[in-house]
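Undergrad: the following comprises the amino acid sequence and a computationally predicted model.
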Amino acid sequence: YSRGQASPLPELELQYADFAAWQRAWLTGERLEAQLAYWREKLQGAPPLLELATDHPRRSALGVTETSRLFELTAQTTRELRALGRRESATLFMALLAGWQALLGRYTGEDDVIVGTPIANRTRAELEGLIGFFVNTLVLRGDLSGEPTFRELLGRVRETTLGAFAHQDLPFERLVEELAPERSLLHNPLFQVMFALQNVEVGELRLGDLEMEPLGGGATGAKFDVGVMLLEDGERIQGRIDYRTDLFEGATIEGMVEHFRLLLEAAVAEPDRRVSELRLVSPAEERRVLAQWNVPRAYAQDRLVPRLVAEQAARTPDAVAVTGAGRTLTYAELDERSSRLAHALRGMGVRGETPVGVYLERGPELLEAVLGIWRAGGAYVPLDPTYPAERLAYMLRDAGAPVLLTQARLCDLLPRHDARVLRLDADAGRIAAESPVAASSELDADALAYVIYTSGSTGRPKGVRVTHRALLHTLLCAQERFGFAPGEEMPSLASFAFDIWLFEALLPLLGGGIVRLVPREEVLEVERLIEGLAGCTSVHAVPALMREIVRVLRTSGRTLPRLRQVFVGGEAVAPELLEEMRGVFPAAGLHVLYGPTEGAVICASHQVGEGEARRQWVGHPLGNAALYVLDRALRPVPVGVPGELCIGGASVARDYLGRVELTAERFVPDPFSAEAGARLYRTGDRVRWSAEGELEFLGRVDAQVKIRGFRIEPGEVEAVLREHAEVREAVVLVREADGGAAGEKRLVGYVVPDAAE
Ligand code: AMP
Ligand code: MG
């Protein structure tokens, strides 16, 4: 036409409109039903969203641009992929798709990964010459369940792909209409990740004197979260990844490309290896990930916590150690009182590792009790007076505590039990008659320090047994990181039944400072609490309480200028809360604390920096806690890729009391330790490393939740609900309270009554 000539091409027999009319008539009745039935079955129960861990929260669908990264697969990988495909009667497309789905499985930890793929959809010869939009999108559901090998996965992908090709006539938009998934502007329906292999080269376009050149895409509206376009280019495969820049950073996508390449290389080298075990990182990077952020410290282990407190008492006998509930004890007094108590306890038969229940109001007595029990060689079992009597009775029974420390006024509240009772108030005379000098200690670093109960999914709480060594390492590392000094003061606000109480109560003492044991009524009355904080240099609170403190400080305009550091943790901390804290504590160091009971109080912390990314932080390892981010085969995952946080090193708890199976399930042999018998605790927390070595919290691998600092397995509540005669089924969920303040979470139980009623 540019030369003014007529077209030499024959007239087309058909036009796009003919195709459209034909398609409408053809795809009806039984034919349509068969296609719909196929897809309905294939996509039944499909997850609505592939939860790739994004760098930025999914906030909007509008005005989002897409950027590309280019990459290449080597000629050797391409050749080997083709060869593997041939052996398994699979195409190159299938082999590449298997690799991509395997990667998505590794990135998300899911078995069920869906990608979309475009197909030309010109299935008849008459359509080949037509100009028009025929392309359809097929939904390919990858099944990674049951730990398949790559070869098995390839077989599954082949079947899925062939089935999808045989049912490709149903337009994607009809499928969406038919399946009617819940629609959201935040993501594409049915699939969010696109995958395509072009095997027809576009080649150079030339029309007479006209030269043409494809222009780069530039900014467009993003259609998918991530899209991979591969092109067979002779020997090699060229690739392009498009991604939503509102969700992902370029570095994350570059990592993804690198891991895709490594995974394909590993798969062709060892197709009979489980997909979950294929290496995503080079051995060198793996070693780096393992070692670089876990830096062990050497600590003397012959001086355990009770001894360190005694040494402090010898240095500063007259300094105030603990205050609260109208009483104050100096270091010397605390030391003497706990020594006397230790003698009294030994008189009652407390020896190495004897569990001793502690059922006391909040006050300096708590510290006397804990130190006294340790000096007697025993392990304390905290019993919070606010817990229901049945739970307390269960804990006493399960722990098998032969001795119980309490106060006369609490005795009536106690459930029935067989323990011998020592009342700190009513039996004070008896205790005072004991020697104030500590007996020579027989404590061993491997001896138990405490048994703390946490929720159990089978309906019964489980007692975590923690040794002195684990506690010592946590406290020494924390002391090194946060540095408490004489004259400093920290309130203890946490329930005595949580292990973070040990952080609050003992850390100031190891540095010669003061701990203020705030009574419960005062913790609940935030205005009063804040008055008590005026003299404090540090404070720790769970997010729910911290939110209250921040709110009251803001509305009252009060400030707490003495505060040097502010700790928040025990559950996920919203970035909004950290920002608000920055506002009311402009000069203080802000730290997020992380740690499960099984990892001895805390094992990571994050110091909140100016202008840093808005994340939920776990932080970097505390001294001798070795933290690993592992896949299901307990292999390290690369930086930036989500995995389960596992804790090794010195702060791992001994076990769950009397639960051999559960212990074996959660405390597994540590493959990274040279020490015989070393174990890893699998936390169930999903995390990933940032490039700077800070762990980010992404959620749980199970249903466990935290509410106002309480760790709850909904399964425990469900199991109890189901015990009711008239309840057939029960489900327990966490919901944000309707109309309540942000972050106000509640546990809601739903029951199906027994049909017989
Ligand atoms: P607990 O044994 O009561 O200390 O509970 C431990 C669990 O609390 C961890 O396994 C996490 O699920 C959660 N947790 C503690 N600290 C944090 C934190 N900073 N961010 C997110 N979750 C946390
Ligand atoms: Mg904790």
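TA: Okay, I see it. Numbers count the residues shown, from 1 in each chain. Ligands and ions are numbered 1, 2, ... in the order given.
Undergrad: for the closest residue to Asn188 other than its chain neighbours, pull up the helix or strand it's in.
TA: Of all residues not flanking Asn188 in the chain, Phe224 sits nearest, at 5.6 Å (CB to CB, 6 or more residues apart in numbering). Using the backbone N, CA and C atoms, a C-beta is placed for each residue, glycine as well. Using DSSP states H and E, Phe224 falls within no helix or strand.
Undergrad: how close does Phe224 sit to ligand 1?
TA: From Phe224 across to ligand 1, the span is 30 Å (CB to the nearest ligand atom, to the nearest Å).
Undergrad: these two touch, right, that residue and Ile241?
TA: No. Between Phe224 and Ile241 there is no contact under CB atoms under 8 Å: 10.8 Å.
Undergrad: residues from the chain in reach of ligand 1?
TA: Contacts of the chain with ligand 1, taken as CB under 6 Å from any ligand atom, map to 454, 569-573, 592, 594-597, 616, 618, 683, 685, 697, 706, 711.
Undergrad: among those residues, which are in helices?
TA: Among the residues of the chain next to ligand 1, no member is found in helices (DSSP state H).
Undergrad: still on that earlier bit, how many other residues sit next to the residue nearest to Asn188?
TA: Here the number of neighbours of Phe224 (other CB atoms under 10 Å) works out to 19.
Undergrad: give me the pLDDT value at it.
TA: Looking at Phe224, its pLDDT is 89.
Undergrad: next, give phi and psi for it.
TA: For Phe224, the backbone dihedrals (degrees, to the nearest 10) come out as phi -130, psi 170.
Undergrad: cool, and the one 3 residues further on?
TA: Main-chain dihedrals, Gly227, degrees, to the nearest 10: phi -140, psi 130.
Undergrad: surely it and Met194 touch.
TA: Yes. With contact defined as CB under 8 Å, Gly227 reaches Met194; the gap is 3.7 Å.
Undergrad: what about the two, which has more around it?
TA: Gly227 (22 against 19).
Undergrad: what bridges to that one?
TA: Met194, Asp242 (DSSP bridges).
Undergrad: which residues of this structure score low on pLDDT?
TA: 61-64, 200-203, 216-221, 296-300, 440-442, 737-743, 756-757 (pLDDT under 70).
Undergrad: now the lengthiest helix in it: buried residues?
TA: Determined from DSSP H, the single longest helix within the chain is helix 250-269. Across helix 250-269, burial judged by 16 or more other CB atoms under 10 Å covers 252-253, 255-268.
Undergrad: any idea which helix or strand comes after that helix?
TA: helix 283-292.
Undergrad: check which helices and strands the helix or strand just after that following helix sits against.
TA: Of the helices and strands lying after helix 283-292 in sequence (DSSP H and E), the nearest is helix 305-315. When contacts are defined as 3 or more CB pairs under 8 Å, 6 or more residues apart in numbering; DSSP states H and E, helix 305-315 packs onto helix 331-347, helix 365-376, helix 468-482, helix 500-510.
Undergrad: burial of Pro171, as a residue count?
TA: There are 15 residues near Pro171, going by other CB under 10 Å.
Undergrad: over to the residue nearest to it when sequence neighbours are not counted: give its phi and psi.
TA: With CB to CB, 6+ apart as the criterion, Pro171 has its nearest non-adjacent residue at 5.8 Å, and that residue is Asn136. Backbone torsions for Asn136, taken as degrees, to the nearest 10, come to phi -120, psi 160.
Undergrad: what residues are up against Ser651?
TA: Neighbour list for Ser651: 470, 473-474, 599-601, 603, 622, 624-625 [criterion: CB atoms under 8 Å, 6 or more residues apart in numbering].
Undergrad: which residue sits closest to the residue in the stretch 1-150 of the chain that ligand 1 sits nearest to, ignoring its sequence neighbours?
TA: With CB to the nearest ligand atom as the measure, Ala53 is the residue of the stretch 1-150 of the chain nearest to ligand 1, at 14.6 Å. Residue nearest to Ala53 in three dimensions, not counting chain neighbours: Pro642, with 4.7 Å by CB to CB, 6+ apart.
Undergrad: same check on Leu509?
TA: Val309 is the one closest to Leu509 (CB to CB, 6+ apart), at 5.4 Å.
Undergrad: does that neighbour touch Gly512 like I think?
TA: No. Using CB under 8 Å, Val309 is not in contact with Gly512; the gap is 10.1 Å.
Undergrad: settle it for me: which of the two has more neighbours?
TA: Val309 (23 against 18).
Undergrad: after the one helix or strand Gly532 maps to, heading C-terminal, what element do we hit next?
TA: Counting by DSSP H and E, the element that carries Gly532 is helix 526-533. On the C-terminal side of helix 526-533, the closest following helix or strand by DSSP H and E is strand 538-541.
Undergrad: pull up the pairing partners for that next one, direction included.
TA: As assigned by DSSP bridges, strand 538-541 forms pairs with strand 565-569 (parallel).
Undergrad: buried residues in the strand it pairs with, which are they?
TA: For strand 565-569, by 16+ other CB under 10 Å, it's 565-569.
Undergrad: with just CA atoms, put it into CSV.
TA: Presented in CSV, the C-alpha positions along strand 565-569 are these (Å, rounded to 0.1, in the frame of the first residue of the first chain):
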residue,chain,number,x,y,z
GLN,A,565,14.5,3.0,75.8
VAL,A,566,11.0,1.7,75.1
PHE,A,567,10.3,-1.9,74.3
VAL,A,568,7.3,-3.3,72.6
GLY,A,569,6.7,-6.9,71.6
